[in-house]
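Asker: Whatever this is, show me its structure:
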Amino acid sequence: MLITGQEVINGGILRPAPSNVRFDVQLLAPHVDDAELRFVIPMLGQSFFDALVIAKGSTISNYNPAVGAVVSGFSNAAYETLWKDKGLMRFCALSVLHEAEPYIGVQHGANGLQLVNAEFSENAGIDGVKFMQQELIGKLERLEKSILTFLCANKVTYPLFDNAACPSDECGNEEASFCLVW
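Answerer: So this is what the prediction gives:
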């Protein structure tokens with residue numbers, strides 16, 4: 001896994017996902033693998049994804065001093081830039097939230113499927129889940145384009161990234177990132 005449920009909610013000033021810091025991490029954890037399979041690996045390619053997972057190891061990045069020491073996700077400066085500054089952490093977090101949403105709003109209980117309600121709140125229902133997922137997909141699409149643009153413009157720095165995913169450019173010059181056409 002490249003991201004953990006804890007990283008999804010404890011981003012501090014980075015706030016990778018629109019979730020409350022008191023959010024139950026256990027509601028997110030089972031959906032990390034699904035999110036990475038659906039969104040992250042297709043964007044990065046399996047080889048680059050695997051390299052990032054190995055480089056990150058079991059490190060749980062933390063950029064929120066309110067919940068502990070600040071910990072970078074990667075010791076490799078290029079990977080850390082991609083993770084923190086260019087949006088890969090945010091992309092991973094939003095994809096986990098997208099995959100978890102249906103199972104947070106509707107849960108399997110002893111009496112079958114149930115909308116979860118707390119004492120002082122009201123469940124947003126199926127329409128709320130669908131709305132949130134649509135919003136998250138929009139964010140993921142925009143962020144994916146931004147990350148791919150960065151990776152394609154920096155192919156030399158990220159040699160394991162499959163540059164076949166990069167769009168062709170109309171200038172005939174692969175180094176001219178301003179000519180990239182999606």
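
Asker: So which residues of this protein form strands?
Answerer: 106-109, 112-115 (DSSP state E).

Asker: Tell me what the nearest residue to residue 69 once chain neighbours are set aside is bridged to.
Answerer: Of all residues not flanking residue 69 in the chain, residue 62 sits nearest, at 6.9 Å (CB to CB, 6 or more residues apart in numbering). The way it works is simple: take the backbone N, C-alpha and C, and place the C-beta from them, glycine included. Listed beta-bridge partners, residue 62: residue 71 (assigned using DSSP bridges).

Asker: which parts of the biggest helix by length in the chain are buried?
Answerer: In the chain, taking DSSP state H as the definition, the longest helix is helix 125-153. Within helix 125-153, the residues that count as buried by 16 or more other CB atoms under 10 Å are 129, 132-133, 136, 139-140, 143-144, 147-153.

Asker: which one is the residue nearest the centre of the chain nearest to, not counting chain neighbours?
Answerer: By CA atoms, centre = their mean, the mean C-alpha position of the chain lies nearest to residue 92, the distance being 1.2 Å. Excluding the flanking residues, the one nearest residue 92 by CB to CB, 6+ apart is residue 3, at 3.9 Å.

Asker: how close does the residue lying farthest from the centre of the chain get to residue 160?
Answerer: Here the centre of the chain is the reference, and by CA atoms, centre = their mean the most remote residue is residue 111, at 33.2 Å. Distance check for residue 111 against residue 160: by CB to CB, to the nearest Å, it reads 49 Å.
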